[in-house]
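Participant: How does the following fold in three dimensions:
(one chain, ligands or ions: 6)
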Amino acid sequence: MHRVVAPAGRVVYHGRMVKEVTRTVLATLCAVMLAPVAAAAFHESGVASCAGCHVMHGSVDGQFVPATGGGLLLGGTASDTCLRCHAAYGQYTAGEGFGPGGDFYWLTRTWTWSTPGGLLQTSPGFSHGHDVVAPAYGLFGDAVRTIAPGGDFPSRDLGCTSCHDPHGNAQFRLLYGAGAGPAVTGGRYAFAAAAPAARGNGPVTIPGRPDSGDETDSRHTVFGSGTSSWCANCHGLYHEASGSQDFSHPADRTLGSARATQYNRYVSTEQPTAGVQATAFWGLVPYEAATVDLSIVDPSDYTLGPSTADRVMCLSCHRAHASPFRAAGRWDFDVALIADSHPQPTDGGASASDVARKYYSYVFVPTQDSLCHKCHREIPGGGSRLIPARR
Ligand code: HEC
Ligand code: HEC
Ligand code: HEC
Ligand code: HEC
Ligand code: HEC
Ligand code: HEC
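Facilitator: Residues are numbered from 1 along each chain as shown. Ligands and ions are numbered 1, 2, ... in the order given. You can find the predicted model right below:
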């Protein structure tokens with residue numbers, strides 16, 4: 001059996017799978033390509049799944065050999081290839097995807113409005129999250145940032161496979177762990193930290209679909225540990241880095257008794273102290289449950305609020321993919337009242353469904369103020385810091 005030839009400077013990290021590709025298997029693959037791809041366990045079905053992403057004609061001596069690292073993909077770029085299936089699952093579905101990661105559709109939507117004083121405001125699509133490069137789907141990468149804020153991962157190489165391993169692994173959501181890391185132009189980008197320990201629901205995130213993993217207060221990812229250090233592979237502990245950021249906040253810190261108590265009792269602006277721990281969890285403001293047993297936890301029914309050892313993390317405030325709001329915020333960081341969040345019905349660029357979908361299926365009291373209050377009765381340093389400075 002021949003080994004696949006690794007392009008210069010690249011690591012064949014999935015060498016085991018590659019070695020197993022024989023002439024016989026390739027023949028089978030050609031047959032598989034003609035059949036519709038099975039809807040279940042696609043990423044676990046080993047060699048049989050190669051044809052779900054790769055054009056299988058580039059074989060030498062019975063071995064599949066890609067022309068370049070990203071060559072011979074069915075979809076052009078890596079992300080175009082993923083979206084051939086995942087666009088319809090809710091990762092790029094007109095804002096209909098209410099997934100924990102979020103719908104990349106929001107990157108294509110720019111909101112504009114005028115302040116009462118007549119000042120033109122804009123919330124550009126590229127600022128709504130991770131600008132994966134998928135030209136066939138109208139996603140062309142970040143228009144402004146050339147590297148990850150706080151780090152140096154190049155924006156031009158950002159795609160689904162910058163975070164998820166296309167060849168599968170045993171981690172949460174196939175995320176890359178410590179090691180050689182994702183492909184970038186000319187090599188691999190080393191990750192120092194392991195993948196987060198967490199458990200989630202199904203990858204289809206459109207409400208109403210069978211087994212939909214759309215996020216609600218009871219059905220949501222249950223995070224255990226390591227989320228912030230994983231994001232830090234590309235960003236550092238962003239808001240903890242001294243001096244350079246507008247908004248300073250601990251990114252990987254225990255809640256302690258003050259924050260845990262506040263989280264558990266807070267129901268809304270109108271009921272700031274009526275809550276109990278058993279039903280306190282908000283899908284919109286998750287935290288890491290430090291002592292949870294992920295092997296038995298049910299992420300489709302988890303309502304327990306935090307205890308003091310649980311932790312605030314990057315995804316307490318951000319979505320991993322994208323959102324309708326600046327900086328992939330889980331809520332609009334720039335308004336004092338949730339009801340004032342953009343897109344508003346009168347905004348340029350906003351359709352009625354955009355407005356209806358911006359907060360998934362979550363419902364708020366009319367006076368609901370910033371969701372920072374889920375953890376803070378008052379914001380340390382005073383109200384002016386509640387809404388961080390807009391760039
Ligand atoms: C879910 C989609 C997907 C599946 C399934 C898949 N690949 Fe890939 N493969 C990719 C992408 C995307 C790249 C480009 C590199 C990247 O973005 O990480 C790639 C790159 C490669 C490379 C170049 C080396 C590298 O890792 O960059 C080889 C070799 C390869 N794939 C072989 C295979 C084989 C053999 C199978 C079946 C066992 C397979 N792939 C299944 C998406 C996939
Ligand atoms: C041929 C269709 C198809 C393509 C192409 C495809 N996927 Fe998937 N993906 C699926 C299916 C089906 C599932 C659910 C079953 C499974 O996990 O294997 C899934 C699940 C996932 C999950 C969730 C896994 C989990 O542990 O919950 C991630 C993450 C994912 N895919 C990423 C990707 C990425 C990244 C690419 C592109 C490199 C890609 N997929 C390409 C069909 C596809
Ligand atoms: C593989 C590297 C990589 C990883 C891992 C990564 N990011 Fe990023 N991130 C980037 C790059 C590159 C940019 C700049 C390009 C852009 O904004 O699309 C960025 C931008 C951002 C932005 C600004 C988005 C905007 O449009 O204003 C936020 C917020 C962010 N990342 C948060 C996170 C969080 C939270 C995690 C962990 C769940 C994470 N990132 C993991 C590479 C990464
Ligand atoms: C910056 C890193 C990053 C990028 C880029 C990224 N993902 Fe994810 N993805 C994650 C993380 C982290 C989660 C878990 C989010 C959570 O549970 O809150 C996730 C969740 C998912 C899920 C589970 C369902 C959901 O929507 O939450 C799927 C499927 C998925 N990603 C596919 C994709 C596809 C397809 C792309 C490219 C179009 C992509 N991802 C790009 C980090 C990333
Ligand atoms: C308590 C909430 C919170 C947590 C936790 C948090 N962020 Fe943020 N993040 C924000 C807010 C608010 C902004 C917008 C601040 C601003 O305008 O400067 C932001 C902005 C960003 C930006 C965009 C900066 C830009 O140039 O526009 C990045 C990147 C980012 N955060 C990454 C991270 C990462 C990585 C983590 C975890 C290590 C993290 N954040 C944790 C609230 C948070
Ligand atoms: C999931 C809980 C959680 C959320 C949500 C949250 N915080 Fe915090 N925040 C903490 C924890 C934990 C600390 C650490 C100190 C403490 O317990 O007071 C903290 C500390 C702070 C501090 C003091 C920072 C310092 O460097 O001393 C400020 C200011 C702050 N938060 C503002 C905010 C703002 C603004 C938001 C909304 C954008 C927010 N927080 C959302 C948990 C949270």
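Participant: Leaving out the residues flanking it, which one is nearest to the residue nearest to the spatial centre of the chain?
Facilitator: Among the residues of the chain, the one closest to the centroid is Ala320, at 2.3 Å (Cα atoms, centre = their mean). Nearest residue to Ala320 in three dimensions, chain neighbours excluded: Gly101, at 4.5 Å (Cβ to Cβ, 6 or more residues apart in numbering). C-betas here are computed from N, CA, C, even on glycine.
Participant: what's the pLDDT at that neighbour?
Facilitator: Per-residue confidence (pLDDT) for Gly101: 98.
Participant: Next, the contact list for Gly236, please.
Facilitator: By Cβ atoms under 8 Å, 6 or more residues apart in numbering, the contact set of Gly236 is Gly150, Gly151.
Participant: Now do the strands for the stretch 101-250 of the chain: every range, in order, please.
Facilitator: Assigned by DSSP state E, counting those that start in this stretch, the strands in the stretch 101-250 of the chain fall at 111-114, 120-123, 133-134, 139-140, 183-184, 187-188, 197-199, 222-225.
Participant: Show me what the second one is packed against.
Facilitator: When contacts are defined as 3 or more Cβ pairs under 8 Å, 6 or more residues apart in numbering; DSSP states H and E, strand 120-123 packs onto strand 111-114.
Participant: for the strand it packs on, the distance to its chain's centre please.
Facilitator: On the basis of Cα atoms, centre = their mean, to the nearest Å, strand 111-114 sits 26 Å off its chain's mean C-alpha point.
Participant: List the buried residues of that strand.
Facilitator: For strand 111-114, the buried set under the neighbour-count rule, 16 or more other Cβ atoms under 10 Å, comprises Trp111, Trp113.
Participant: Now do it: everything it contacts.
Facilitator: Here strand 111-114 makes contact (Cβ under 8 Å, 6+ apart) with 120-123, 324, 342-344, 346-350.
Participant: Is it possible to mark the buried ones in the residues you listed?
Facilitator: Buried residues within the contacts of strand 111-114, defined by neighbour count using 16+ other Cβ under 10 Å: Ser123, Pro324, His342, Pro343, Asp347, Gly349, Ala350.
Participant: so who does the residue in the stretch 251-391 of the chain that ligand 4 sits nearest to touch?
Facilitator: Residue of the stretch 251-391 of the chain nearest ligand 4, by Cβ to the nearest ligand atom: Ala320 (3.5 Å). Neighbouring residues of Ala320 by Cβ under 8 Å, 6+ apart: Pro100, Gly101, Gly102, His130, Cys163, Ala328.
Participant: just to revisit the earlier point, for the buried ones among the contacts of strand 111-114, give me a markdown table that also has distance to ligand 2 and pLDDT.
Facilitator: What follows is the buried ones among the contacts of strand 111-114, written out as a markdown table (distance: Cβ to the nearest ligand atom, whole Å; pLDDT from 0 to 100):
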| residue | distance to ligand 2 | pLDDT |
| --- | --- | --- |
| Ser123 | 27 | 97 |
| Pro324 | 22 | 98 |
| His342 | 29 | 97 |
| Pro343 | 28 | 98 |
| Asp347 | 32 | 98 |
| Gly349 | 28 | 98 |
| Ala350 | 29 | 98 |
